[in-house]
Structure formats: C-alpha cells, structure tokens
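Student: no sequence for this one, just the structure:
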C-alpha cells in the first residue's frame with residue numbers, strides 16, 4: 001500500500017538494521033508511493049520517504065545486496081525501489097512499474113494506455129531493462145529471489161571464539177514465576193541470566209562492588225557475551241563498575257547484552273556530593289561510544305536516565321526488545337503525578353491559596369493513567385520504540401539470532417571521549 005508516516009519509519013528502521021549488521025535487503029514491492037493526504041508527514045523531511053532511496057544507494061555502495069521483487073503496482077516513488085535495486089524481479093500480469101500511472105498519463109498527455117502496456121513485466125524485462133527477471137507468479141518470484149541471494153557470494157567471518165552451545169540448566173519457562181507483572185516485586189537478575197545463557201554459567205565481574213548492577217561474562221549459543229543487569233537503583237559505584245566492564249568488553253570485542261529493570265540513578269544530597277552526576281555520565285559515555293554489538297532487553301522498568309545508562313533506544317543497540325510486563329517512561333506514573341501535584345501546591349501557596357486533597361487527587365489520577373497507557377509495551381512497540389515485544393521464554397533464542405545477525409558486519413574500533421574525573 002501507500003506510505004503513511006509510521007510505514008516510512010518502519011521501512012527506515014528495517015534498512016538501519018540491514019546496514020548496521022550488513023544483511024542483504026529483499027524488498028517485496030506493491031506500493032503506490034507516498035500517502036497523498038499525509039504528504040507533509042511523509043515527503044519533505046530528511047527521514048521521510050526519500051531517505052529510503054538514499055539508503056538503498058548507500059547500502060549498495062557498501063556492498064550490501066539490494067534485491068527487489070515486484071509483486072504488484074509500483075507507482076511514483078514506489079517505482080524507485082526496483083529501479084535502484086541491484087537486481088529486480090517482476091511478476092507477469094501483476095507487477096507494474098511506472099512513475100506516472102494511466103490516469104496521470106492521460107491527464108498530462110491525453111494518451112490512453114493500460115497499466116500492463118505502460119509498465120508491465122514484459123515491457124520492463126524486454127525493452128526498458130528496469131527489471132532483470134521475469135516471474136510467472138509470486139511463488140516463482142520468491143524462488144528467483146532465493147537464487148539471487150544464493151549468488152551474492154556472501155561469507156560470514158565472525159571475529160569471536162565460538163564454542164559448542166549448551167542449553168541452560170534451568171528451564172526458560174521458570175522466568176514467568178521469577179519476573180511477574182508487578183514491577184514493585186524485586187527479583188535477582190542472576191536468576192534471569194541463569195535461564196538465558198549457555199549451561200547457566202556466568203562468570204561475574206566485581207561481585208562485591210556496586211552490587212545494584214550485575215556484570216559478567218557468559219556464552220549464548222556459543223557466542224561470548226558481556227552482560228549488564230540491574231538489581232536496583234544505580235549508585236556511583238554501580239556506574240563506575242558498569243563503565244569499567246563496558247571498557248573491558250570493547251577492548252576484547254565482546255558483544256554486550258543489557259537486561260534493563262531500572263528506576264534510574266540514585267538522587268539525594270549524599271549521592272550528589274559523591275558525584276553521581278559525573279559517575280553516571282561516565283557510564284552513559286561508555287555505552288554511547290561502545291562500538292561492539294549491543295543488545296537490550298527491557299525485562300522490567302525502564303525509567304529516566306537509567307534508560308540511557310542501560311543502552312536505551314537513543315544509544316543505538318543493534319536490537320531492543322521488551323517483555324510484556326515491562327514499562328518505559330521518563331519516570332514512574334506515581335512519581336510524575338506527585339511532582340506535578342507538588343508544583344501546583346507551591347504555585348497555590350505563592351498565590352496565598354491551598355490545594356485540597358480532592359484537588360490533588362484530581363491532578364494525580366489523569367497523570368498516572370496517562371503514564372500507564374504510554375509506558376505499556378504495546379504502546380511503545382506500535383511506535384517502533386523497540387524491535388518487538390517478546391515472550392520471556394524466547395529471550396535466549398531471540399538474542400541468539402540477533403547476535404548471529406550482528407556478526408555479519410565488520411568489527412568497529414571503540415574510541416572513548418573525555419571522562420570527567
């Protein structure tokens with residue numbers, strides 16, 4: 001169909017995944033181009049419809065294969081997807097490609113022409129050269145696409161030491177009982193790790209220091225990984241420990257997995273005097289600069305700057321997933337409601353007035369409901385704030401596939417900026 005704003009965002013995210021991980025792109029095309037009534041939201045800006053073709057050109061330049069399969073009508077902007085692909089396949093009778101369809105041609109030139117004669121499979125395979133392969137039907141087209149992929153001479157050479165995968169000792173289904181829907185219920189993130197990693201083996205780093213952040217090395221489907229998981233609010237010690245561990249993994253080219261269940265960094269007089277701002281900034285800097293593949297799973301809460309320190313969406317993890325019980329927002333709904341009520345109370349006091357309990361409740365309830373709605377995984381996923389809501393029991397499999405995909409790309413070297421000491 002035509003491209004709505006969220007369609008463009010989804011397409012660009014898929015291309016970003018392909019470019020980051022050096023994955024071939026296969027475009028199954030049946031599009032009328034940009035949605036005309038929403039043109040201001042899909043056409044003029046940098047990350048709008050035109051960025052799709054920009055990405056195609058640049059990925060091809062990076063030797064990332066671009067394969068288009070034309071299954072239906074490709075009109076206007078939609079025509080550029082097969083035209084800019086490395087190889088294009090078109091389906092007999094159903095596939096058409098043209099910058100202007102029959103109605104536009106008639107309006108512009110007075111010429112009456114059918115869609116097939118204007119831009120059908122026969123024309124583009126035998127005359128224009130826009131497409132390379134003539135498919136008899138959709139099944140044949142997909143067969144040809146597989147053949148194209150077979151011929152791209154792609155090889156995978158991961159620069160990590162692989163071992164034989166081991167199933168965890170503990171069943172993944174036990175995660176349902178460990179992590180419940182009530183985010184106020186505490187749990188030890190080590191119990192989650194034990195149900196994800198190979199053989200439930202976890203070599204913990206700095207066990208006795210900064211205990212609210214669990215860090216350590218493990219294997220996942222034979223791949224080496226460094227894991228950071230939350231066991232409470234982040235203190236200065238936790239942030240310094242996390243920074244040290246990220247530096248180690250970057251130096252050793254070990255992918256990082258973040259298991260988020262975080263309310264944020266510690267606040268208060270003692271925390272500020274102890275340098276929580278600069279120490280938290282060290283961890284945020286390390287996460288931002290780390291060029292090893294990063295993967296994030298939100299297994300509980302994801303609030304405030306804790307989201308940043310634990311590799312939220314803004315810090316470009318290769319993939320970010322959420323569990324159905326997870327929540328994400330700038331702070332908890334109750335905390336936000338209390339802050340807004342306090343601001344209103346102070347404004348009333350300055351004006352010589354008071355805030356009654358009923359008025360305070362009237363301020364809080366809508367805020368709590370708003371945060372609950374907007375922090376829900378389905379709300380987040382529908383806006384592409386993540387790459388999918390996953391079953392906790394599938395976490396090991398999903399992360400294994402993500403790891404495997406990421407290692408198609410060449411290694412990048414990490415360079416850190418200035419750490420405020």
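Tutor: Nice, thanks for sending it over. Computed from a predicted model, the values in this text were never measured in an experiment.

Student: surely residue 92 is in contact with residue 138?
Tutor: No: using Cβ atoms under 8 Å, residue 92 is not in contact with residue 138, being 10.2 Å away. For glycine as for every other residue, the C-beta is placed from the backbone atoms N, C-alpha and C.

Student: OK, contacts around residue 82?
Tutor: 27, 29, 68, 70, 74, 88, 90, 97, 130, 131 (Cβ atoms under 8 Å, 6 or more residues apart in numbering).

Student: list the contacts for the residue of the chain most remote from its centre?
Tutor: Each residue of the chain has a distance to the centre, and by Cα atoms, centre = their mean the biggest one is for residue 352: 49.4 Å. With contacts defined as Cβ under 8 Å, 6+ apart, residue 352 is in contact with no residue.

Student: what strand or helix carries it?
Tutor: Assigned by DSSP states H and E, residue 352 belongs to no helix or strand.

Student: before we move on, what about residue 244?
Tutor: Short version, using DSSP H and E: residue 244 is in helix 236-251.

Student: buried residues, that helix. List them.
Tutor: Within helix 236-251, the residues that qualify as buried are 236-247, 249-250, counting by 16 or more other Cβ atoms under 10 Å.

Student: need those residues in a markdown table with distance to residue 197, can you?
Tutor: Putting the buried residues of helix 236-251 into a markdown table (distance: Cβ to Cβ, whole Å) gives the following:
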| residue | distance to residue 197 |
| --- | --- |
| 236 | 28 |
| 237 | 25 |
| 238 | 21 |
| 239 | 24 |
| 240 | 24 |
| 241 | 20 |
| 242 | 19 |
| 243 | 23 |
| 244 | 21 |
| 245 | 16 |
| 246 | 18 |
| 247 | 22 |
| 249 | 15 |
| 250 | 20 |
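
Student: and which of those residues is nearest to residue 22?
Tutor: Among the buried residues of helix 236-251, residue 250 lies closest to residue 22 (Cβ to Cβ), at 19.7 Å.

Student: local confidence estimate at that closest one?
Tutor: pLDDT, residue 250: 97.

Student: repeat for residue 377
Tutor: The model's pLDDT for residue 377 equals 96.

Student: which SSE is the nearest residue to residue 383 once chain neighbours are set aside in?
Tutor: Leaving aside its chain neighbours, residue 383 sits nearest to residue 6 (7.5 Å; criterion: Cβ to Cβ, 6 or more residues apart in numbering). Assessed by DSSP H and E, residue 6 sits inside helix 5-21.

Student: report the rounded mean pLDDT for the next helix-or-strand element following that helix.
Tutor: Where DSSP H and E defines the elements, the next helix or strand beyond helix 5-21 is strand 25-31. Average pLDDT, strand 25-31: 95.

Student: before we move on, back to that, was I right to think the residue nearest to residue 383 contacts residue 42?
Tutor: No: between residue 6 and residue 42 there is no contact under Cβ under 8 Å: 9.7 Å.

Student: out of these two, which sits in the busier spot?
Tutor: The neighbour comparison of residue 6 against residue 42 (other Cβ atoms under 10 Å) goes to residue 42, with 24 against 13.

Student: sweet, I'm off.
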